[in-house]
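> need a structure here:
(chains A and B)
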Amino acid sequence: MIRFDNVSKVFGEGQTRVDALRGLTLQIPARQFCTIMGPSGSGKSTVLYLVARLTKPTEGEIYLGDRPLSGMAERDAAMMRRREIGFVFQFFHLIPYLSAEENVSLPLLLDGLSSASVRQQTERVLTLVDLLHRRQHKPSELSGGEMQRVAIARALVTSPRVILADEPTGNLDSTASHAIMRLLRRSSDELGVTVLMVTHDPVCASYGERVVRLLDGQVVEDIDVTEGPSEEVSKHVGSILSHRRRDG
Amino acid sequence: MGGRLATDVVQYALLGLISARPEGTHGYQLKIEFEALYGDFWSLNYGQLYRTLDRLERAGLVQCTEEVQSGRPSRNVFRITASGQQNLDDWLLLPPTDEPRPLRDDLSVKLLFLTEARREEIVALVRSQRAIYLQHLARLTKRRTVLEESGQDMFVTRLLLLQADMRVRTDLAWLDLVEKELLQRIEVKKVPRPTPPKHR
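Residues are numbered from 1 along each chain as shown, chains lettered A, B, ... in the order given. Below you'll find the predicted structure:
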């Protein structure tokens, strides 16, 4: 689904030259929830920018599906971003003077959809993130966690194939973070979206099925986090709790 | 990561599980429940389980009755006694006195004794340790999701999971630091590093 073929990316030159990626080869299958980790400056965010064609590789090629991205015309790239990619950022990037509902419907309005289908799609994703009852609220009237849920609804409203998330919980407390991660998990499980997320937080990474660790622009670890001892015991948890005396 | 748990804590953990099932419970079920709740933190084998149940019965804290099952061997069913319930309630209200856990994982011991010349192997060790922690965390996360979606009141379990999250996070941060420092040392010693691509 997403493929990096020997990709290098250099920013600047001479004294200010930065090798953000050095021959990165990576395949992310459709529907996978893949996390990119690594220290600052390891090239994590560059991976996201390249998938969104916000920048082009210095060497190598990136494919989204079968399409190579570097030769794509700007117009087509913009169309691809609007229709096929949903973005979730650390600082939400909501428009402050628009309501939650208006923020979410914006990508559809830009695409010229009928007002009936705009309304329908917007309600669908606001329901998914459990914020339909807050649709009229402006970002300033929402908590951080709610703002990020609005941003996820906005990312999902066009039914994208890919969600690119850059430190989506960097600004949230642990309860709100878990809610956001569960939403991304569901996007992959239930909507079949491929999720590519950059995070520093291993707890967030544990919601995905794969952790790719970058160091100096190269993959140094590629971990299937779903491996390890059997899951059988988890199945019993529900039954125990239903018999259990209340904890509280 | 399942460590050993002090005998009396196992005893109270089992007593708690038995008290949660007034209709009675048996050894196999207790083992499954113990593992489901604590399996990521502590291990419990059948020997330890039955020794503990025996001790609880002799102390009069649980009552064991043999239950005949049609077509199957009869089995021992355990129920908490009034004195067991009192004992459990008293213990729950005592302040915990656990000693702080020592830094005892294998890696820290290996770090002490692996020589400087083998730094790259230590980096590999650090990385495999990181993979194990991340897999452990993924299991905890699945468990949390199951619990939250079950809609049950899970106050204590949630706190335990949070504690586990925080511990693993700290362990991983430490591994990041160890790796960073090791790589810096390797770099100083001019171990070959990936060559950057030619500038276009």
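
> what's the end-to-end length of stretch A:110-120?
16 Å (C-alpha to C-alpha, to the nearest Å).

> I figured A:Leu164 hits A:Arg81, correct?
No. A:Leu164 sits out of contact with A:Arg81 when judged by C-beta atoms under 8 Å, with a separation of 9.5 Å. (Each C-beta comes from the backbone N, C-alpha and C, glycine too.)

> who has more neighbours, the two?
The neighbour count for A:Leu164 versus A:Arg81, taken as other C-beta atoms under 10 Å in any protein chain shown, is higher for A:Leu164 (26 against 20).

> can I take it that that one is in a strand?
Yes. Looking at A:Leu164 with DSSP: H, G, I helix; E, B strand; the rest coil, it is inside a strand.

> got any ranges where chain B has weak pLDDT?
B:1-7, B:39-41, B:93-117, B:152-154, B:156-157, B:187-200 (pLDDT under 70).

> coming back round to it: now the common contact residues for A:Leu164 and A:Arg81.
Applying C-beta atoms under 8 Å, 6 or more residues apart in numbering or on different chains, one finds that A:Leu164 and A:Arg81 are jointly contacted by A:Ala52, A:Phe87.

> residue boundaries of the strands in chain B?
Counting by DSSP state E, chain B has these strands, from start to end: B:62-69, B:72-80.

> show me what contacts residue 31?
This is for chain A. A:Met1, A:Ser188, A:Gly192, A:Val193, A:Thr194.

> ah, no, chain B please
Per C-beta under 8 Å, 6+ apart, neighbours of B:Lys31: B:Leu44, B:Tyr46, B:Leu49.

> return the member of the residues you listed nearest to B:Asp176.
B:Leu44 (32.4 Å; C-beta to C-beta).

> need the contact list for the closest one.
B:Leu5, B:Val10, B:Lys31, B:Phe34, B:Glu35, B:Tyr38.

> then A:Gly71?
Counting by C-beta under 8 Å, 6+ apart, A:Gly71 has no contacts.

> pLDDT score assigned to it?
pLDDT for A:Gly71: 90.

> quick check: phi and psi on it?
A:Gly71 adopts backbone torsions of phi -90, psi 0, taken as degrees, to the nearest 10.

> ok, so of the contacts of B:Lys31, who is nearest A:Asp76?
Closest to A:Asp76, out of all of the contacts of B:Lys31 and judged by C-beta to C-beta, is B:Leu44, at 59.7 Å.

> thinking again about what came up before, export the contacts of B:Lys31 to TSV and tack on distance to B:Ile132?
Output for the contacts of B:Lys31, formatted as TSV (distance: C-beta to C-beta, whole Å):
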residue	distance to B:Ile132
B:Leu44	21
B:Tyr46	26
B:Leu49	26
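
> which of the residues you listed fall in helices?
B:Tyr46, B:Leu49 (DSSP state H).

> before we move on, the earlier item: what subset of the contacts of A:Arg31 is buried?
A:Met1, A:Ser188, A:Val193, A:Thr194 (16 or more other C-beta atoms under 10 Å in any protein chain shown).

> return the residues in contact with A:Ala153.
Counted by C-beta under 8 Å, 6+ apart, A:Ala153 has contacts A:Ala100, A:Val104, A:Thr122, A:Val125, A:Leu126, A:Leu128, A:Val129, A:Leu131.

> averaged over its residues, which helix or strand of chain A has the lowest pLDDT?
helix A:232-243 (a mean of 40; mean pLDDT, DSSP states H and E).

> name the next helix or strand downstream of the longest helix seen in chain A, please.
When chain A is parsed with DSSP H, its longest helix is helix A:174-191. Note on helix A:174-191: by DSSP states H and E, the next helix or strand toward the C-terminus is strand A:194-198.
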